[in-house]
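What shape does this take:
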Amino acid sequence: MRLCIIGAGAIGVFLAARLAKSGHEIAVVARGERAAAIRSKGIILTCADGDPIRERPHVAERGEELGPQDYVLVTVKGYSVPETTDTMRCLVGTPETRAATQVVFVQNGLPWWYFAGERSSAGEMLDPGGRLAAAIPGDRTIGCVTYANVRNSGLGEAHHVSDSTFVLGRPDGREDGVLAQLSAAMIDAGIDGRVTRDIRKEVWTKLWGNLAFNPISALTGAAMDEIITSAETRPLVMAMMAEAQAVAERTGVRFDLTVEERLTKAALAGAFRTSMLQDLEAGRRLEIDAIIGAVAALSRDLGVATPAIDTVLGLIRQKAKMLRLA
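Numbers count the residues shown, from 1 in each chain. As a prediction, the model looks like this:
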C-alpha cells in the first residue's frame with residue numbers, strides 16, 4: 001500500500017519505520033532540518049528489546065510532490081493539524097480520485113472531527129473556520145487513539161519504550177474493509193492495530209485521565225505515578241476527571257471504569273513523563289487546546305460546570321505564555 005505520514009515526530013517515526021520494514025511504500029511529509037536529516041540518514045527506530053529499525057522513506061516538504069495515497073496518517077500535534085489542510089487536499093486528490101484515500105488522525109485529546117458538522121466553540125477551537133471539515137470528507141475520515149509510549153531521540157529518530165496499541169474507528173461507528181485492511185497491515189508490521197465501533201468512547205477513555213495528568217505534570221514537573229498517588233495532587237486529578245465524565249456523559253459517552261479504576265490503570269505506567277511535560281522541557285509548544293481547552297469549551301457549550309478544569313486550564317495557559325510555549 002501507499003501510505004503517507006504527515007509529521008516525523010516520535011509516533012510518525014514509529015509508524016513509518018514499522019510499516020516500511022513490513023514492505024509498504026512510505027512517504028513522510030516533513031520540513032526544514034527534520035526533512036534534511038531524514039534525507040541524509042533515513043529514519044531510525046530503537047526499542048527496549050530488539051535491533052534498531054533503519055528505513056529510508058521518501059521525504060517531501062509539500063503534498064504536491066506525492067499525489068494521492070491509499071492512507072494518509074496525520075501524526076502532528078493537535079494545534080498543527082489545521083496547518084496540514086492544504087497538504088491533505090493534495091494527498092487526497094480530486095473528487096474523482098479521492099474515493100480510495102483514507103485520512104487517519106492519530107491525535108491526543110479531542111480531535112477536530114469530533115465536532116465536524118456542528119456549530120460549537122470547541123469545534124471552532126480545533127478547526128478554525130471549518131477548513132478541515134470542508135477538505136476531508138466524513139466518510140474518508142478515520143480516528144485513531146494510541147497508547148504507544150514512543151519518545152523523540154533526535155531528528156528522524158525515536159525510541160519505542162512500551163505498548164504499541166493503536167485503536168482505529170470511524171466517527172460514525174461503522175466498520176468496513178478499509179479499517180480491517182489498515183488494522184491487518186499494522187498487525188503484520190508488529191503494531192497492535194485494533195478496530196472499534198465506538199472511537200468517540202476511546203477518545204474519552206484516554207482523555208479522561210490525560211486532561212489532568214498532562215497539565216498538572218507540566219505545572220509541577222512530577223511524573224504520572226507521583227501525580228496519581230500524591231495526597232497533594234490526587235484530589236485535584238479526581239475532581240477534574242469527575243467534571244470531564246459529566247461532560248462526556250452529556251454527549252452520550254459512558255465509561256466502563258470508575259475514576260479509581262482508571263487511576264489504578266494509569267499508575268501502572270510508573271514514572272512516566274507526560275507528553276506535555278516532555279514538550280515543556282524541550283521548549284516546544286504545549287498541546288493545550290486539544291487536551292484540556294476543548295473540554296472546557298465543550299463544557300460551556302453544554303452548560304456543565306467545570307471549575308477544577310477551568311482553574312488548571314488558566315494556570316497552564318499562563319505558564320505557556322510566560323515561557324513563550326503557547
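
alpha carbons only for contacts and neighbour counts from here, please
OK.

The strand or helix carrying residue 295: how far from the chain's middle?
Per DSSP states H and E, residue 295 falls inside helix 294-302. Mean-position distance between helix 294-302 and its chain equals 20 Å (Cα atoms, centre = their mean, to the nearest Å).

List the buried residues in that helix.
Buried residues in helix 294-302, counted by 16 or more other Cα atoms under 10 Å: 294, 295, 296, 297, 298, 299, 300.

if we take those residues, which one ends up nearest to residue 119?
Checking the buried residues of helix 294-302 against residue 119 with Cα to Cα, the nearest one is residue 298 at 11.1 Å.

Check the closest one and give its pLDDT.
Confidence at residue 298, expressed as pLDDT, is 96.

Quick one: residues contacting the closest residue to it other than its chain neighbours.
The spatially closest residue to residue 298, leaving aside those adjacent along the chain, is residue 122, at 5.3 Å (Cα to Cα, 6 or more residues apart in numbering). Each residue near residue 122 by Cα atoms under 8 Å, 6 or more residues apart in numbering is listed here: 115, 294, 295, 297, 298, 301.

so how far is residue 244 from the nearest residue to the second one once chain neighbours are set aside?
To tie it back to what came earlier, the one meant is residue 294. Nearest non-adjacent residue to residue 294, counting by Cα to Cα, 6+ apart: residue 122, 4.9 Å away. According to Cα to Cα, to the nearest Å, residue 122 and residue 244 sit 14 Å apart.

quick revisit: same list, the contacts of residue 122, but as JSON lines with distance to residue 219 please.
Shown next, in JSON lines, are the contacts of residue 122 (distance: Cα to Cα, whole Å):
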{"residue": "115", "distance to residue 219": "29"}
{"residue": "294", "distance to residue 219": "19"}
{"residue": "295", "distance to residue 219": "19"}
{"residue": "297", "distance to residue 219": "21"}
{"residue": "298", "distance to residue 219": "23"}
{"residue": "301", "distance to residue 219": "27"}
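
what's the closest of these to residue 266?
Residue 266 lies nearest to residue 295 out of the contacts of residue 122, by Cα to Cα, at 20.1 Å.

Settle this for me: that closest one is touching residue 246, isn't it.
No - judged on Cα atoms under 8 Å, residue 295 makes no contact with residue 246 at a distance of 10.8 Å.

so where is the chain shaky, pLDDT-wise?
In the predicted model, the chain carries pLDDT under 70 at residues 93-99.

Compute the first-to-last residue distance for stretch 222-231.
OK, stretch 222-231 end separation, Cα to Cα: 13 Å.

Going by neighbour count, list what's buried in it.
Those buried within stretch 222-231 under the rule 16+ other Cα under 10 Å are 222, 223, 224, 225, 226, 227, 228.

Switch those over to JSON lines; also include distance to residue 79 and secondary structure.
Listed next are the buried residues of stretch 222-231 as JSON lines, based on distance: Cα to Cα, whole Å; DSSP: H, G, I helix; E, B strand; the rest coil:
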{"residue": "222", "distance to residue 79": "24", "secondary structure": "coil"}
{"residue": "223", "distance to residue 79": "24", "secondary structure": "coil"}
{"residue": "224", "distance to residue 79": "23", "secondary structure": "helix"}
{"residue": "225", "distance to residue 79": "27", "secondary structure": "helix"}
{"residue": "226", "distance to residue 79": "28", "secondary structure": "helix"}
{"residue": "227", "distance to residue 79": "25", "secondary structure": "helix"}
{"residue": "228", "distance to residue 79": "27", "secondary structure": "helix"}
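
Can you tell me the element the residue nearest to residue 294 falls in?
Here residue 122 sits within helix 121-126, counting by DSSP H and E.

now do residue 246
helix 234-250.

any idea which residue sits dead centre in the protein?
Centroid-nearest residue in the chain, with Cα atoms, centre = their mean: residue 107, separated by 1.6 Å.

That one reaches residue 79, doesn't it?
No - judged on Cα under 8 Å, residue 107 makes no contact with residue 79 at a distance of 10.2 Å.

Alpha carbons of whichever strand or helix holds residue 264, as PDB, please.
Element membership for residue 264, per DSSP H and E: helix 259-267. Provided in PDB are the C-alpha atoms of helix 259-267 (Å, rounded to 0.1, in the frame of the first residue of the first chain):
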ATOM      1  CA  VAL A 259     -12.300   7.100  38.300                       C
ATOM      2  CA  GLU A 260     -10.400   5.000  40.800                       C
ATOM      3  CA  GLU A 261     -10.100   2.100  38.400                       C
ATOM      4  CA  ARG A 262      -8.800   4.500  35.700                       C
ATOM      5  CA  LEU A 263      -6.200   5.900  38.000                       C
ATOM      6  CA  THR A 264      -5.100   2.500  39.100                       C
ATOM      7  CA  LYS A 265      -4.600   1.500  35.500                       C
ATOM      8  CA  ALA A 266      -2.700   4.700  34.700                       C
ATOM      9  CA  ALA A 267      -0.400   4.300  37.700                       C
END
